[in-house]
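> What shape does this take:
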Amino acid sequence: MIRRRRALGLNGRNAHIARNNPRWAIAEVKDKIVCKVRLAAADIAVPPTLHVVSSRREMRALPSASLPDRFVAKPARGSQGKGVVVVTGRRGHDVWITPDGLRSHRQLEREVDDMIDGIHSDTDTDRALFEPLLVAHPDLAALAPFGLPDIRIVCDDGRPLMAMMRVPTLSSGGRGNLHQGGLGAAIDISTGRIERAVVGGAEVARHPDTGAPMVDAIIPRWPELVDLARRCGPATGLGYVGADLVVDAEFGALVLEVNAHPGLEIQNVCLQPLDPGAGDSRWK
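Have a look, this model is predicted:
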């Protein structure tokens, strides 16, 4: 039974982060490329890297034939999905298919130029990271047949505190952003079972677009996901982390990103307070 207790506030979270997350580690995880290197060195599974582009000259030297038919290009230091280009197919030699329509390779080059110029980042210059387009595990695709559900697990000192899944909907534009209409699913940290689901603050039992039952569904490869999440902190030098993970149909359980300032919305989804210093000792 989920009971509401006093939630962790922003000031309390920030104070805990100041005590447990060194500035150098926070700076490193903001860069997706640096973070991936750290995680991979600790034998933590991450998506394959297709290309890293650091300049316009490098992008002009990257022929369309060197890219697969399905991929994602993202700014290394971007956040909240800003500037991300999702390619779902190819038409002919130099035309890409995206959720927003067709793009020529020249248009893709200009978008990568913006990434390199730091338009979507917190720095004057940045790099572009190319990765394969991930596809949801069949069990998760049955819950959300469009978009890619991702799982946030908050850990403190290597112990998992709380978990939720963010599920795309039509109103969220195929993204799992809860503030734009995505579905949030509270996950029991011990079993991987969905206990509760909400859309826009309203509790639901099924996906609003597909009718797929959400409550009581089991997240595939759950022990592996939790193990990956709990190892992200030690691998990156952070004490308090929010690990974002997916279960891909081909590559399995992967860490997408590590967040040094995990948001507090997870408490509203799970109806539980985050309690740094607690956690499930079985995973320590």
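
> Name the spans of the stretch 1-150 of the chain whose pLDDT lies under the cut-off.
Scanning the stretch 1-150 of the chain for pLDDT under 70 picks out 1-7.

> Strands along that one, start to end?
51-53, 71-75, 85-87, 89-91, 95-98, 101-104, 128-132, 150-156 (DSSP state E, counting those that start in this stretch).

> Point out the most buried one among the ones you listed.
strand 150-156 (a mean of 25; mean count of other CB atoms under 10 Å). For glycine as for every other residue, the C-beta is placed from the backbone atoms N, C-alpha and C.

> now what about that one, what contacts it?
16, 20, 160-166, 176, 187, 189, 219, 225-226, 229-230, 232-233, 239-247, 256, 262, 266, 274, 276-279 (CB atoms under 8 Å, 6 or more residues apart in numbering).

> For ChimeraX, write a command that selects the buried ones of these.
In ChimeraX, this line selects whichever of those come out buried by 16 or more other CB atoms under 10 Å:
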select :16,20,160,161,162,163,164,165,166,176,187,189,219,225,226,229,230,232,233,239,240,241,242,243,244,245,246,247,256,262,266,274,276,279
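
> quick one on the thing from earlier: nearest to Lys36, out of the strands of the stretch 1-150 of the chain?
In terms of CB to CB, the element of the strands of the stretch 1-150 of the chain nearest to Lys36 is strand 128-132, at 8.1 Å.

> hang on, the earlier thing: among the contacts of strand 150-156, which ones are in helices?
Among the contacts of strand 150-156, the residues falling in helices (DSSP state H) are 16, 20, 225-226, 229-230, 232-233, 266.

> closest to Ser121 among these?
Distances from Ser121 to the ones in helices among the contacts of strand 150-156, taken by CB to CB, are shortest for Cys232, at 21.7 Å.

> Looking at the contacts of strand 150-156, which are in strands?
Mapping the contacts of strand 150-156 onto strands (DSSP state E) picks out 160-166, 187, 240-247, 256.

> nearest to Pro213, of the strands of the stretch 1-150 of the chain?
For the strands of the stretch 1-150 of the chain, proximity to Pro213 was assessed by CB to CB; strand 150-156 is nearest, at 18.2 Å.

> Now the closest one - C-alpha only, PDB.
Extracted C-alpha coordinates of strand 150-156, given in PDB (Å, rounded to 0.1, in the frame of the first residue of the first chain):
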ATOM      1  CA  ASP A 150      12.500   5.100 -20.300                       C
ATOM      2  CA  ILE A 151      13.100   4.200 -16.700                       C
ATOM      3  CA  ARG A 152      14.400   6.600 -14.000                       C
ATOM      4  CA  ILE A 153      16.000   5.000 -10.900                       C
ATOM      5  CA  VAL A 154      17.100   7.400  -8.200                       C
ATOM      6  CA  CYS A 155      20.000   6.000  -6.100                       C
ATOM      7  CA  ASP A 156      21.900   7.300  -3.100                       C
END
